[in-house]
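Chemist: quick check, what structure comes out for this input:
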Amino acid sequence: MRMRLGRGLWFSGLLSTYLCLAYSCAALSDDSTDQMKARLGSAGAGDRPTLCIRISEQELVVASKLYAEGDFEKAQAALTDVAAFAEMARDYAVQSHKHEKQSEIALRKMVRKLSDLGHTLSHEDGQQVQKTIDRLERVRDDLMISMFPKASKK
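Modeler: Coordinates of the predicted model:
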């Protein structure tokens, strides 16, 4: 009986440690865009691509919400940030040779979301979304060339 009580206490201690760790990781992942932008300068070269992609993804969420609310000027500014931080992610990934594949996958998902968003907008508003899609596609192409340099030499 003593063994079971010891294991039970050990398990409950392990469970509470796990829950605290999960909570703190969730709190870290909920950083605001401004906090992540501030951390970008002090981040290591290998961490910068992931951080830029996260910023770009959050800016895409903001842009979608702003379009839904009808605030087109702020939405277009957010789209500019989406593309700018995606380009920074590409640059950091190519320089460090880290997170190239993950960045390309994230960009592909963002292009899909932007395409869906563009279908809900008028032609004029959709043009800015299409420009952002075109920029992200060029970033993806650059990442693919960086990952597969021999395929581009043919």
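
Chemist: tell me which residues are up against stretch 133-146.
Modeler: Identification of contacts with stretch 133-146 by Cβ atoms under 8 Å, 6 or more residues apart in numbering yields 82-83, 86-87, 89-90, 93-94, 100, 103-104, 107-108, 110-111, 114-115, 118, 152. Heads up, the C-betas are built off the backbone N, CA and C, glycines and all.

Chemist: which among those residues end up buried?
Modeler: 82-83, 86-87, 89-90, 93-94, 100, 103-104, 107, 110-111, 114, 118 (16 or more other Cβ atoms under 10 Å).

Chemist: from the residues you listed, which two are the most distant?
Modeler: In the buried ones among the contacts of stretch 133-146, two members sit farther apart than any others by Cβ to Cβ. They are 94 and 118, at 27.6 Å.

Chemist: where are the low-confidence patches of the chain?
Modeler: Across the chain, the ranges flagged by pLDDT under 70 are 1-30, 151-154.

Chemist: about what we covered before: now, which of the buried ones among the contacts of stretch 133-146 sits nearest residue 54?
Modeler: Among the buried ones among the contacts of stretch 133-146, and counting by Cβ to Cβ, the member closest to residue 54 is residue 89, at 9.1 Å.

Chemist: name the nearest residue to that closest one, sequence neighbours excluded.
Modeler: Counting by Cβ to Cβ, 6 or more residues apart in numbering, residue 89 lies nearest to residue 52, which is 3.6 Å off, once chain neighbours are set aside.

Chemist: ok, now how distant is that neighbour from residue 33?
Modeler: 11 Å (Cβ to Cβ, to the nearest Å).

Chemist: how about residue 93?
Modeler: From residue 93 to residue 33 the distance is 20 Å (Cβ to Cβ).

Chemist: can you check residue 69 too?
Modeler: 17 Å.
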